[in-house]
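Peer 1: Provided below are the primary sequence and the corresponding predicted coordinates.
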Amino acid sequence: MGSSSGDNPQIPHRGDADRLRPTNTGRYLDILAFAGRGLWTLTLAGIRPFAFWGAVLLPLVYLPSLYGVGTGQDTALFVELAVWHVASIVLGHGHTPFWSR
């Protein structure tokens, strides 16, 4: 009833060569990319309705800046509104309002 050395497999010995082997960074990069895509999806889902409605309503703010209402920096204000409008269009592009579903 004794056990022989053939019954128990040998535990591999970890040598110096195993410690120097590089890790599989591709696996970690895949996990990081997957987490980043998930975070971007959640963030975009929260921002998209506001960006959509911003793209719809921001042109109404152009009118006072075009007619010179406000401070003396109307050109800078107009350019800033145009940049915000383009960003709203890009981010709100995929939004579907609830009455269109």
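Peer 2: Okay, I see it.
Peer 1: Only C-alpha atoms from now on, for both contacts and neighbour counts.
Peer 2: Fine.
Peer 1: Just the helices from the protein, written as ranges.
Peer 2: 16-19, 25-66, 74-91 (DSSP state H).
Peer 1: which one of these lies closest to Trp99?
Peer 2: With respect to Trp99, and counting by CA to CA, the nearest of the helices of the chain is helix 25-66 at 13.2 Å.
Peer 1: Determine the set of other helices and strands touching that closest one.
Peer 2: Applying 3 or more CA pairs under 8 Å, 6 or more residues apart in numbering; DSSP states H and E, we find helix 25-66 packed against helix 74-91.
Peer 1: How about exporting the helix it packs on as PDB, limited to the C-alpha atoms?
Peer 2: What follows is the C-alpha trace of helix 74-91 in PDB, where atoms were taken according to Å, rounded to 0.1, in the frame of the first residue of the first chain:
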ATOM      1  CA  ASP A  74     -18.600  88.900 -29.600                       C
ATOM      2  CA  THR A  75     -16.300  87.300 -32.200                       C
ATOM      3  CA  ALA A  76     -14.700  85.100 -29.500                       C
ATOM      4  CA  LEU A  77     -18.100  84.200 -28.200                       C
ATOM      5  CA  PHE A  78     -19.400  83.300 -31.600                       C
ATOM      6  CA  VAL A  79     -16.300  81.000 -32.300                       C
ATOM      7  CA  GLU A  80     -16.700  79.400 -28.900                       C
ATOM      8  CA  LEU A  81     -20.400  78.700 -29.500                       C
ATOM      9  CA  ALA A  82     -19.600  77.200 -32.900                       C
ATOM     10  CA  VAL A  83     -17.000  74.900 -31.300                       C
ATOM     11  CA  TRP A  84     -19.600  73.800 -28.700                       C
ATOM     12  CA  HIS A  85     -22.100  73.300 -31.400                       C
ATOM     13  CA  VAL A  86     -19.800  71.000 -33.400                       C
ATOM     14  CA  ALA A  87     -18.900  69.000 -30.300                       C
ATOM     15  CA  SER A  88     -22.600  68.700 -29.500                       C
ATOM     16  CA  ILE A  89     -23.400  67.500 -33.000                       C
ATOM     17  CA  VAL A  90     -20.600  64.900 -32.900                       C
ATOM     18  CA  LEU A  91     -21.500  63.600 -29.400                       C
END
